[in-house]
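Peer 1: Sharing a sequence plus its predicted fold:
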Amino acid sequence: MTNDLNLFFIRHNRFTPAKQLPPSEILFHDLTILLKGKLEYIIDGKQVALSAGDMIFIKKGSVRARKLSAPNVDYISFNFTATATPELPLTLSKCVLGEIKLLIAACDEIVEKQSSPEELCQPVFSCILSLLKRRLTAKKFTPLTLKIIKFLKENLEEKITLADVGKITFFSPVYCDTVFKKETGKSVIDYLLDERISEAKKLLIEGALPLKQISESVGITDYNYFSRLFKKRTGYTPTEYRKNFWIP
């Protein structure tokens, strides 16, 4: 879990009207993801309308108000504090992709079975924040970087080298790595390892596959290496991560 983030409240509103909120200054950050229906806010005097698939990030200190919604609205809200404010815009449209839906489902499972679920949901919520940030920055990438990212994501289970990246882009591997690192802040291989660990986290939370099979499914055939890499990047061994964050 990150030390600079404290998730203290989660609420998933399923198909009941969102209550009207009078204008008030909030003393925390509020991230709300709208899955179905429509929501209307007034943030610092500005009207903001959300449709299905949108999110709103309301920073601490903002004056927030919300109108009464129609009855068929489905949204999840996360209230948290952080030493560093996440670099997210007020709204992000059409950002609820499959990965985020899966993580929301994991939060729902934890909330359903735990009386105080926020601590267990915190690493899942951190993943949601990371995906939203990635969704935002992806819009700024060149076609070359986007093609590399697509290739990496679609072939996580395969052995991938810089030479493979050069072949699918028709540029030299060194050039691909230089451009990629300039735009993403990571080398191609480092980005690939992050993607593999992120996918492994989701599979561990789902709890369906044995640990060795999870390692192989993210392209790492040596389980001992996978375990060391996972702990280096998360602070947990795969076994510890599943024990702490999987709700059977």
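Peer 2: All right, it came through fine. On a predicted model such as this, the values are computed, not experimentally measured, just so you know.

Peer 1: Show the backbone phi and psi for the spatially most central residue of the chain.
Peer 2: Centroid check for the chain by C-alpha atoms, centre = their mean gives residue 128 as the closest residue, at 2.2 Å. Residue 128 adopts backbone torsions of phi -60, psi -50, taken as degrees, to the nearest 10.

Peer 1: Just the pLDDT for it.
Peer 2: Looking at residue 128, its pLDDT is 92.

Peer 1: do the same with residue 180
Peer 2: pLDDT, read off for residue 180, is 93.

Peer 1: from what I can see it touches residue 191, true?
Peer 2: Yes. The pair residue 180 / residue 191 is scored as a contact, 7.1 Å apart, by C-beta atoms under 8 Å. The way it works is simple: take the backbone N, C-alpha and C, and place the C-beta from them, glycine included.

Peer 1: which of these two has more neighbours?
Peer 2: More crowded of residue 180 and residue 191, by other C-beta atoms under 10 Å: residue 180, with 26 against 19.

Peer 1: quick one: contacts for the more buried one?
Peer 2: The contact partners of residue 180, by C-beta atoms under 8 Å, 6 or more residues apart in numbering, come to 144, 145, 148, 186, 187, 188, 191.

Peer 1: same thing but 6 Å
Peer 2: 145, 148, 188 (C-beta atoms under 6 Å, 6 or more residues apart in numbering).

Peer 1: surely the first one meets residue 181?
Peer 2: No. With the criterion set as C-beta atoms under 6 Å, residue 145 and residue 181 do not qualify as a contacting pair; they are 9.7 Å apart.

Peer 1: Looking at these two, which one has more neighbours?
Peer 2: Using other C-beta under 10 Å as the criterion, residue 145 and residue 181 rank with residue 145 on top: 21 against 15.

Peer 1: Not counting its neighbours along the chain, what's nearest that one?
Peer 2: residue 183 (4.8 Å; C-beta to C-beta, 6 or more residues apart in numbering).

Peer 1: Output the below-cut-off pLDDT ranges for this protein.
Peer 2: 1-3, 138-139, 246-248 (pLDDT under 70).

Peer 1: Contacts for stretch 67-86 next, please.
Peer 2: 4-7, 9-15, 17-18, 20, 28-37, 39-40, 104, 125, 129.

Peer 1: buried set for it?
Peer 2: 69, 73, 74, 75, 76, 77, 78, 79, 80 (16 or more other C-beta atoms under 10 Å).

Peer 1: what do you get for stretch 83-96?
Peer 2: Neighbour count says stretch 83-96 has 88, 91, 92, 95, 96 buried, by 16+ other C-beta under 10 Å.

Peer 1: What ranges does the chain have for its strands?
Peer 2: 5-14, 21-25, 29-36, 38-43, 46-51, 55-58, 63-66, 74-82, 91-92 (DSSP state E).

Peer 1: how about the longest one: buried residues?
Peer 2: Pointing back at strand 5-14 there. Under 16+ other C-beta under 10 Å, the buried positions of strand 5-14 are 5, 6, 7, 10, 12, 13.
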